[in-house]
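Colleague: Need the 3D shape of this:
(2 chains)
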Number of protein chains: 2
Amino acid sequence: MKARCVECGAAASLAAKPMRYACHCGGLLEVVHDFGDADAERLKDLFHRRLGERHTIGASGVWRYKELIAPELPDAFIVTRNEGNTGIYGPECVREFAGIRQLWLKAQSENPSGSFKDNGMTAAVSHGASLGYASFACTSTGNTSSSLSMYAATAGVPSLVLVPDEGISLNKVLQTLAYGAQVAAFPGTYDDGIRWLNENGEKNGCYVCNSVNPMRIEGQKSIVFELAQDLNWELPDWIVLPGGALSNASALGKGLRELFALGFIARLPRVAVVQAEGAGPFHRMVDASLSTLIPEPAPRTVASALNIGNPPSWRKALETLKLTAGVTTAVSDAEIMAAKACVDRSGIGCEPASAAAVAGLRKLVQGGVIHRDETAACILTGSLLKDTNAINSYHLGADYSEAPWRNGIRRVKLNEEFQVNLEE
Amino acid sequence: MKARCVECGAAASLAAKPMRYACHCGGLLEVVHDFGDADAERLKDLFHRRLGERHTIGASGVWRYKELIAPELPDAFIVTRNEGNTGIYGPECVREFAGIRQLWLKAQSENPSGSFKDNGMTAAVSHGASLGYASFACTSTGNTSSSLSMYAATAGVPSLVLVPDEGISLNKVLQTLAYGAQVAAFPGTYDDGIRWLNENGEKNGCYVCNSVNPMRIEGQKSIVFELAQDLNWELPDWIVLPGGALSNASALGKGLRELFALGFIARLPRVAVVQAEGAGPFHRMVDASLSTLIPEPAPRTVASALNIGNPPSWRKALETLKLTAGVTTAVSDAEIMAAKACVDRSGIGCEPASAAAVAGLRKLVQGGVIHRDETAACILTGSLLKDTNAINSYHLGADYSEAPWRNGIRRVKLNEEFQVNLEE
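Modeller: As a prediction, the model looks like this:
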């Protein structure tokens, strides 16, 4: 596996220990493939035939596309839970909410650990195993840590998850604990944990699975591969996704670039990255046409998965915007929660961060950036079960008492007079 | 659709309104199929070809087997979320824990609402829609209600969920609220709610989706169909499943009976139904060779989905035991939680009720009922995300401080001295 620095262009190898996460210049690495004489029509046919697989790595919605993700990786090292294979849905109520002619929701929430992180994590853990690492680590309190600990458990190897000891939401760590990760809480910030792992992970024998790991990006490309295959290789006019650490935007751009270069798709969709207003440094940078990102020192949003002030992958995400004539926007917590209530009520459901994509699409349509006669797909990144506190506060709490689709619990007496009135 | 009473044998029709949930004699109904000249080899081939479907009802792990579930149902009424398609896994650590030669875990936890209820609910809601019902109801505080509300939302029709107002666990109702069900809390017991719906559901225009609905059993048969297909139509020696309302045991028996009669499988596996000690009236009845079930007036178990004192489907479950030379057992809450910790640590994960199956298998192997050289499959009924309180109390609470695989959170300082020690 070869890589290059996205800043200085220097080459790097990912074929042997020690794993490289960044260039000597500090820039992020991205995997470089030699697709040689890859034939899109032949591969489309192969990918189509693999849809019926149940007992090989082709049963995974990531490894189905192995030729485009990690062709050199020996199958024996692949750690998979049949991730991907997620549905695309077109609920009328959400389409109407967004105000667009045609809408798909791509539900990465249906992944085995409940979030899109699984698409990338299966690639990272498999790659780490192929290099001979026997333990894995990350700094995270959320979807990344539960995904990593699930794959480490599946491989039967230990994992370490570092979490800042202030303001840990226990709820977000429980899934990680259940899968058996060693969770270590330290005094300091998220960035302190990242830095410690970068400096000390290798000498402690750990393969580090934070979002800057270039193999995670390779795995996450499969989200747009699967979307394209499900739509018979004709993508919608727009793909809209939430932006936190921006790894998803990075992976989407790389995946689109490769699909287009290889001739899988004849036309590139435009990409819209939606941030939360309280954690929107990337949007602010793009909006003000700045050349560098100014971190948000105190990020704050109800969409906890987007609560990131200094997104490490912003340069890669910017490349995605350049490639696709993309745009950014930012939405308020109230807009996020209203969109979530709508997606939940459609029967699909999602966590708040995912709903930011739908809220952002609505805003971009209302603002005329996206035309109502265009088509769009929103990536739903995490399951509704990932954040039941958000459901509680929306439907039962005090803050959203006038909110649309708020549900609540009625008190009734089951006697002759009680009549069901489901229209009220 | 035709049915017959499992007690008096009287015929009933399910082909038109009003929907029938029980016989005039009070007995439960079961669907009767005329499979005519169904050819198992031809159907196996058809089911195999459908594995690659993504855009038809054949993409569902339930409707893939439509010919065996509801052949008369027009496709246009089918409300599906591509339920089923769940993985089978053979983690070594769980096999070792159970003490058996070969073990599969069938992860119904991977269903879209997070539990096996989806397999049955898609059939019930689709059938209700085909009869012309435009609203749906159930009494439940758990997996049934979230599944029903998800399918009603998918169909774009309203649903009513009745819950007893004492001792509601808000956590269990949140998913249901999110999907948009009208949740009504009443003073009384779970049985009061069931009775009210039986007497008043029809005049309020509701199709009732409680576990006695015979269409739910038809859908749930698909769990063993999919298991059999994944194992190339050779089932293991034992299938082990948790027993609460006993609809799963009923559906498993009916599915096995039909697979065997039609020649899909050459040999019937034996079935083991595992109850919680605090909610084990079915096990006590079988153990004491009683002819009727004596309800448990105060059921109490950590496995909330098994907290049922008067399981309505006990006669059907008893038929399953007779058909398959089946057995029952009961396990303690501590045994359930230890088994859950083991399944979680394997990377599969489950809610406590599911773990009862693994705990029961271990107990039956230790007791010599199941031989260690036999093979078994355990049905995991619900997702680990369904009950994060159980994870909290096990890994972080006081009650399980000496429990195996208990995890906890370490406090560390990220300095030069901190060393990762993942073996300790």
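Colleague: so how far is the first residue of stretch A:42-59 from its last?
Modeller: Stretch A:42-59 stretches 19 Å from its first residue to its last (CA to CA, to the nearest Å).
Colleague: Go ahead and name everything in contact with that stretch.
Modeller: Here stretch A:42-59 makes contact (CB atoms under 8 Å, 6 or more residues apart in numbering or on different chains) with A:63-68, A:75, A:78, A:80, A:82, A:85, A:225, A:229, A:233, A:262, A:264, B:48-49, B:51-54, B:230. C-beta coordinates here come from the backbone N, C-alpha and C atoms, glycine included.
Colleague: And the buried ones among the residues you listed, selectable in PyMOL?
Modeller: The buried residues among those can be selected in PyMOL (16 or more other CB atoms under 10 Å in any protein chain shown) with this line:
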select buried, (chain A and resi 63+64+65+66+68+78+80+82+85+225+229+233+264) or (chain B and resi 51+53+230)
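Colleague: Please list the members of the contacts of stretch A:42-59 that lie in helices.
Modeller: Counting by DSSP state H, the part of these found in helices is A:66, A:67, A:68, A:225, A:229, A:262, B:48, B:49, B:230.
Colleague: want to throw these into CSV with distance to residue A:41?
Modeller: Listed next are the ones in helices among the contacts of stretch A:42-59 as CSV, based on distance: CB to CB, whole Å:
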residue, distance to residue A:41
A:66, 18
A:67, 13
A:68, 14
A:225, 15
A:229, 13
A:262, 10
B:48, 25
B:49, 22
B:230, 31
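Colleague: List the beta-bridge partners for residue A:328.
Modeller: For residue A:328, the beta-bridge partners are residue A:273 (DSSP bridges).
Colleague: That one is in contact with residue A:275, isn't it?
Modeller: Yes - with contact defined as CB atoms under 8 Å, residue A:328 reaches residue A:275; the gap is 6.7 Å.
Colleague: okay, these two: which has more neighbours?
Modeller: In this view residue A:328 and residue A:275 are compared by other CB atoms under 10 Å in any protein chain shown, and residue A:275 has more residues nearby, 29 against 23.
Colleague: Compute the distance from the centre of stretch A:337-354 to the centre of its chain.
Modeller: 16 Å (CA atoms, centre = their mean, to the nearest Å).
Colleague: how long is that stretch end to end?
Modeller: End-to-end distance of stretch A:337-354 (CA to CA): 10 Å.
Colleague: Do me a favour and average the pLDDT over it.
Modeller: Average pLDDT, stretch A:337-354: 98.
Colleague: What of stretch A:21-33?
Modeller: Per-residue scores along stretch A:21-33 average to 95.
Colleague: Any buried residues in that stretch, and which?
Modeller: Of all the residues in stretch A:21-33, those buried under the rule 16+ other CB under 10 Å are A:21, A:22, A:23, A:27, A:28, A:29, A:30, A:31, A:33.
Colleague: Send me that stretch as PDB with only the CA atoms.
Modeller: The C-alpha atoms that make up stretch A:21-33 are tabulated as PDB, following Å, rounded to 0.1, in the frame of the first residue of the first chain:
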ATOM      1  CA  TYR A  21      -0.300   8.500  10.000                       C
ATOM      2  CA  ALA A  22       1.200  11.700   8.800                       C
ATOM      3  CA  CYS A  23       4.000  13.000   6.500                       C
ATOM      4  CA  HIS A  24       7.300  14.300   7.900                       C
ATOM      5  CA  CYS A  25       6.000  17.800   7.000                       C
ATOM      6  CA  GLY A  26       2.900  17.200   9.300                       C
ATOM      7  CA  GLY A  27       0.500  16.900   6.400                       C
ATOM      8  CA  LEU A  28      -2.100  14.100   6.200                       C
ATOM      9  CA  LEU A  29      -1.500  11.000   4.000                       C
ATOM     10  CA  GLU A  30      -3.800   9.600   1.500                       C
ATOM     11  CA  VAL A  31      -3.600   6.200  -0.100                       C
ATOM     12  CA  VAL A  32      -2.500   6.100  -3.800                       C
ATOM     13  CA  HIS A  33      -3.700   3.200  -5.900                       C
END
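Colleague: any common contacting residues for residue A:328 and residue A:275?
Modeller: With CB under 8 Å, 6+ apart, residue A:328 and residue A:275 have common neighbours A:243, A:282, A:283.
Colleague: And those, which is closest to chain B?
Modeller: residue A:243 (23.9 Å; CB to the nearest CB).
Colleague: show me the contacts for the closest one.
Modeller: So residue A:243 contacts A:249, A:273, A:274, A:275, A:282, A:283, A:306, A:311, A:317, A:328 (CB under 8 Å, 6+ apart).
Colleague: repeat that for 6 Å
Modeller: Contact partners of residue A:243, counting by CB atoms under 6 Å, 6 or more residues apart in numbering or on different chains, are A:249, A:273, A:275, A:282.
Colleague: Near the second one, how many residues? Count them for me, please.
Modeller: Just to be clear, that refers to residue A:273. Neighbourhood size, residue A:273 [other CB under 10 Å]: 31.
Colleague: and the gap between it and chain B?
Modeller: Here the distance between residue A:273 and chain B works out to 26 Å (CB to the nearest CB, to the nearest Å).
Colleague: same check, this time on the first one
Modeller: Going from residue A:249 to chain B by CB to the nearest CB gives 26 Å.
Colleague: Which helix or strand contains that residue?
Modeller: helix A:247-262 (DSSP states H and E).
Colleague: cool, the last one as well?
Modeller: Here residue A:282, judged by DSSP H and E, is contained in helix A:281-287.
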